[in-house]
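Got a predicted structure plus its sequence, pasted below:
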Amino acid sequence: MHKAILKVNGMTCPSCLTTIQTALTKQNGVGEVNVLFNAGKVKAAFDENATDAQTLANVVSELGYSVEKVTVKEQK
Amino acid sequence: MLTLQKFFANNKRTIVIGMTVFVAAALLLQYAFGLGFISNWLYGAVGVIGLVPLIIKAINSLKFKVVSIELLVSVAVIGALIIGEFSEAGIVTWLFLLGEVIEDATLAKTRSAIKELTELAPQTAWRVESPTDRNAEEVDVDEIDEDDYLLVKTGSQVPVDGRIVFGDGHLDEASVTGEPLPRHKSAEGSDEVFAGTNLTDGTIVVQATKVGEDTVFGKILELVEEAEDSKTGAQRFIDRFSKYYTPVVLLIALIVGIVTQDVRLAITILVLGCPGALVIGVPVSNVAGIGLGARHGVLAKGAQMLQSLSEVDTVVFDKTGTLTTGHPAVVHAQTLSEDVLAWHLAASAERESSHPLAAAIVEYARTTHSIDIANLPAVSETHVIAGKGIVASVEGHHVAIGNEALLAAENIALTTGDNDTNEWKHQGLSLVYVAVDGQLRIIAGIGDALHPTTITALSQLRERGIKHLVMLSGDGQATVDAIAGELGLDEAHGGLLPQDKADFIKQLQTQGRKVAFVGDGINDSPALVAADLGIAMGNGTATAVEISDVVLLNSDISKLPTAYSIARSTVANTRENIGIALATVLFLFIGLFAGFIYMASGMLVHEASILIVVVNALRLLRKKLDGGQVRKN
């Protein structure tokens, strides 16, 4: 599993949090999703064989939130 | 569609201002001039403009099978437009978007405390090819790899955790260790430096060992970020509730609409279905509470920790490094001569020594006798006598500093005026004698001294409602008793191994006490884990930060009453917010069935309740806290 850290702008309401969390969790190959509402970050564990960080970033930006930065961390 | 969405996101404020003007004009026309016909057109326009971004968001969420509140509002507004309720449609969209803008601004404030911390993080660094290279290239901290060499000049920030490979200087490490005095570090010792600390003088080259989020400072930041969004049990319940709440509301509205054939009632239910204060009330209090803590050097790992801390009635302390400083210091001293010359001479001679007790003497001379250690009498000769002490020639005086064995070797009579010194020995202090020209001048009792703030901190804890204070230590019972008497503890036990401490805590818990353990986080780990709440004195090590529930960043016991107050206020604030949210829901439903709440008024109450809980949480950040000064920077 890899971990994608997305810096997201425009999360103003708690329902944004639920929307992003649900949408990402439903993506293929995505494990635990943690939306840090206050820090403006989304952390998602994903299977690198099934998807990639950019796909996840696209989902978030399609939902209407701008993604500022994408970082990927490899996890052992 | 994405570009349209971006347009609305980027011009949100302008659009909301425009809508506000329209709504105001419509109200004026309707009530002042009786031109309801024209104002209906204005309301309709506002409704349509506001609907566009709502529909886009609703559809986007639907694509990912998420029923969002934008969907509820969109359906309600479309319904209102169809049945000709233009004013309701206009006012609902206007309030919804206005609410978003205001919430954005107020939430930014509750998040300000964490921002202050993030801004302390280094952004760029000067990279060099080798320790002696001076052609530095400015790079973003994200681009730095482990083992890179980085040049740090006076006044700038250390960008990574690493070792000094060139040069030396003083480092202000307050942001990581809480130590207020800058420390001297150099390449000779290949000393460790930490990201986020400042070089107050000198120039150093650092080789990176850890970068970015792996640094101690990065870990602290990550911890605060995660903590702010961590969830208490109550909040998890509300989350689950709100997940099903929205689709269920949609369903209910549909059924009500079909059964009663009353479209107006159905769309009102849709608007009331926005889970407002209920969802945001608890997290916003927690953010404010954790942020307030971070600002005061109290790092709670989550809202749950604050909750536990607020329920604690018994605090168990480790002695060394927690109640005491953990460094040898002069606890008692007798000066047998009239003037302080002996202290000048002693400080001079002891400056030459690397013995830990020597540093205590110099420090005592500096603080208690205001001796300027930069202008000490010159030392011409020193001899260290192993196991006994040091003998020096200072401006023609023969100075001998050491234990009783040294006095015997020097043939100096041990003339103590009273029995005090025996008592000091009994307390576990080491006695150091200073003789000048064959005459005994100073007797100093050196040991682990209490933190200057310990006594105040403990009495504050009692005032604020902690019932039972206990000290546990590995030191002998005599040493423990001496300190316990001074502090007025309820219990104090010495001679304990780490596991004994944990067992003692479990015993307290069986008596029905809620126990917090305060320790320095490394050898105290069994006790930290056994206690209901583990509080570590953050000494800059990642271990201490990881093992505990709450970290006192400044390693300062005076932060403990502050932490306790913050926890109590945060929990109280959370309860207020839950109360406000539930009252709102109740009010809306009573209003709906009694017939005085419609779409627009429902949306108004909903937005107002969100603002009330956010403002209530902001009150926490404004709170004045005694017991420990506010940490700036």
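Yep, it's here. Numbering: from 1, shown residues only, chains lettered A, B, ... in the order given.

lowest-pLDDT helix or strand in chain B?
Every helix and strand of chain B was ranked by mean pLDDT, DSSP states H and E. The lowest is helix B:542-547, at a mean of 62.

can you map out the helices along the stretch 201-350 of chain B?
Assigned by DSSP state H, counting those that start in this stretch, the helices in the stretch 201-350 of chain B fall at B:216-228, B:233-260, B:263-272, B:277-295, B:303-311, B:341-351.

Tell me the pLDDT of residue B:311.
Note for residue B:311: predicted pLDDT of 92.

tally of neighbours for it?
When neighbours are defined as other C-beta atoms under 10 Å in any protein chain shown, residue B:311 has 13 of them. Backbone N, C-alpha and C define where each C-beta goes, glycine included.

Now do the phi/psi pair for the nearest residue to it once chain neighbours are set aside.
Leaving out its chain neighbours, the residue that sits closest to residue B:311 by C-beta to C-beta, 6 or more residues apart in numbering or on different chains is residue B:514, at 5.1 Å. For residue B:514, the backbone dihedrals (degrees, to the nearest 10) come out as phi -100, psi 110.

Thought residue B:508 was touching residue B:514, still the case?
No. Look at residue B:514 against residue B:508 with C-beta atoms under 8 Å: they stay out of range, at 9.2 Å.

which neighbours do the two share?
residue B:314 (C-beta atoms under 8 Å, 6 or more residues apart in numbering or on different chains).

okay, those two: which has more neighbours?
More crowded of residue B:514 and residue B:508, by other C-beta under 10 Å: residue B:508, with 21 against 18.

neighbours around the residue nearest to that one when sequence neighbours are not counted, how many?
Nearest in space to residue B:508, with sequence neighbours left out and distances taken as C-beta to C-beta, 6+ apart, is residue B:515 at 5.1 Å. Residues lying near residue B:515 (other C-beta under 10 Å) number 24.

wait, doesn't residue B:515 sit right on residue B:505?
Yes. The pair residue B:515 / residue B:505 is scored as a contact, 5.4 Å apart, by C-beta under 8 Å.

For residue B:591, give its distance to residue B:187.
72 Å (C-beta to C-beta, to the nearest Å).

Poorly predicted segments of chain B, please.
B:1-2, B:110-118, B:174-181, B:227-243, B:274-276, B:279, B:415-419, B:521-523, B:539-546, B:625-633 (pLDDT under 70).

Could you pick out the longest helix of the chain?
Because you didn't say which chain, this covers chain A. helix A:14-25 (DSSP state H).

Wait, chain B was what I had in mind.
Max-length helix for chain B by DSSP H is helix B:559-594.

so what does it touch, helix or strand wise?
For helix B:559-594, the packing partners by 3 or more C-beta pairs under 8 Å, 6 or more residues apart in numbering or on different chains; DSSP states H and E come out as helix B:263-272, helix B:277-295, strand B:298-300, helix B:303-311, helix B:454-463, strand B:550-552, helix B:599-622.

where does the fifth one sit relative to the chain's centre, distance-wise?
The one in question is helix B:454-463. The chain centroid and the centroid of helix B:454-463 are separated by 20 Å, computed with C-alpha atoms, centre = their mean, to the nearest Å.

buried stuff in it?
For helix B:454-463, the neighbour count (16 or more other C-beta atoms under 10 Å in any protein chain shown) marks B:454, B:457, B:458, B:460, B:461 as buried.

helices or strands next to that helix in the packing?
Partner elements for helix B:454-463 (3+ C-beta pairs under 8 Å, 6+ apart): strand B:468-472, helix B:477-487, helix B:559-594.

Need the contact partners of the shortest one.
Contacts made with strand B:468-472 from outside it, assessed by C-beta under 8 Å, 6+ apart, are listed as B:313-319, B:323, B:458, B:461-462, B:480, B:483-484, B:487, B:489-493, B:496, B:500-501, B:504, B:508, B:513, B:527.
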